[in-house]
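*Asks:* structure, please.
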Amino acid sequence: MKLNFNKKAIIVSAPSGAGKTSIVKQLLLHLPDLEFSVSACSRTPRENEQNGKDYYFISSVEFREKIARDEFAEWQEVYPGCFYGTLKSELDRIWKANKIPIFDVDVMGGLNLKKYFGEAALAVFIQPPSQEVLKVRLESRGTESAESLARRISKAEYELTFAPKFDAIVINDDLECAKQESIKLVTSFIH
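*Replies:* Here you go, the predicted model:
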């Protein structure tokens, strides 16, 4: 028998490079009651990204129209003309499948979702062991210019100040331990 989840949600947030995506993938692998919530965005797809799987890719004009019609649980203009958000229709799709949405979102998106869901959501902040470790992780990706790396590090320092606003903080100094701690937290919340 399926449990009635009363429209619960799991929010996983972190600065870039803290390991949230790895942890979300582990949660999805171990907890079949969860389903990944696909965000909408107004940017063009990157190579290997699929509409409806990685994001719902929509134009800035369409995004603004959906904002005006109150179709988002939360949204942000991350850069001028570049929007990201969570469609209410995506939440309905997941709940109709009797699943719990799990979000892999940036820190501001996580706080906005927590405000939207209130006590019905568990908001988990994935924290790197230090800013130095985070910097090394971002540098080791090899995907950033010096300028974009500096911007990400500055943003991460700011985002770390919001950790206390989340329901739980998981320090990712050992990825396997962080995955196990996250699984325990989420299992306890949904059951």
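*Asks:* how about the host helix or strand of Glu147 as PDB, C-alpha atoms only?
*Replies:* Using DSSP states H and E, Glu147 falls within helix 146-160. Output of helix 146-160 as PDB, limited to C-alpha atoms (Å, rounded to 0.1, in the frame of the first residue of the first chain):
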ATOM      1  CA  ALA A 146      39.300  32.700 -14.000                       C
ATOM      2  CA  GLU A 147      36.500  35.300 -14.000                       C
ATOM      3  CA  SER A 148      33.600  32.900 -13.800                       C
ATOM      4  CA  LEU A 149      35.400  30.900 -11.100                       C
ATOM      5  CA  ALA A 150      35.900  34.100  -9.000                       C
ATOM      6  CA  ARG A 151      32.200  34.900  -9.500                       C
ATOM      7  CA  ARG A 152      31.100  31.400  -8.400                       C
ATOM      8  CA  ILE A 153      33.400  31.500  -5.300                       C
ATOM      9  CA  SER A 154      32.100  34.900  -4.300                       C
ATOM     10  CA  LYS A 155      28.500  33.700  -4.800                       C
ATOM     11  CA  ALA A 156      29.200  30.600  -2.800                       C
ATOM     12  CA  GLU A 157      30.600  32.600   0.100                       C
ATOM     13  CA  TYR A 158      27.300  34.600   0.100                       C
ATOM     14  CA  GLU A 159      25.200  31.500  -0.200                       C
ATOM     15  CA  LEU A 160      26.900  29.800   2.800                       C
END
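*Asks:* residues touching that helix, excluding its own?
*Replies:* Here helix 146-160 makes contact (CB atoms under 8 Å, 6 or more residues apart in numbering) with 14-18, 106-108, 127-128, 131, 134-135, 138-139, 144. Backbone N, C-alpha and C define where each C-beta goes, glycine included.
*Asks:* what does stretch 166-179 give?
*Replies:* Contact partners of stretch 166-179, identified using CB under 8 Å, 6+ apart, comprise 13-14, 18-19, 22-23, 26-27, 110, 114, 121-129, 133, 163, 181-182, 185.
*Asks:* just the buried members of those?
*Replies:* 13-14, 18-19, 22-23, 26-27, 110, 114, 121-128, 163, 181-182, 185 (16 or more other CB atoms under 10 Å).
*Asks:* quick one: which of those sit in strands?
*Replies:* Taking DSSP state E, the ones among those that sit in strands are 13, 121-127.
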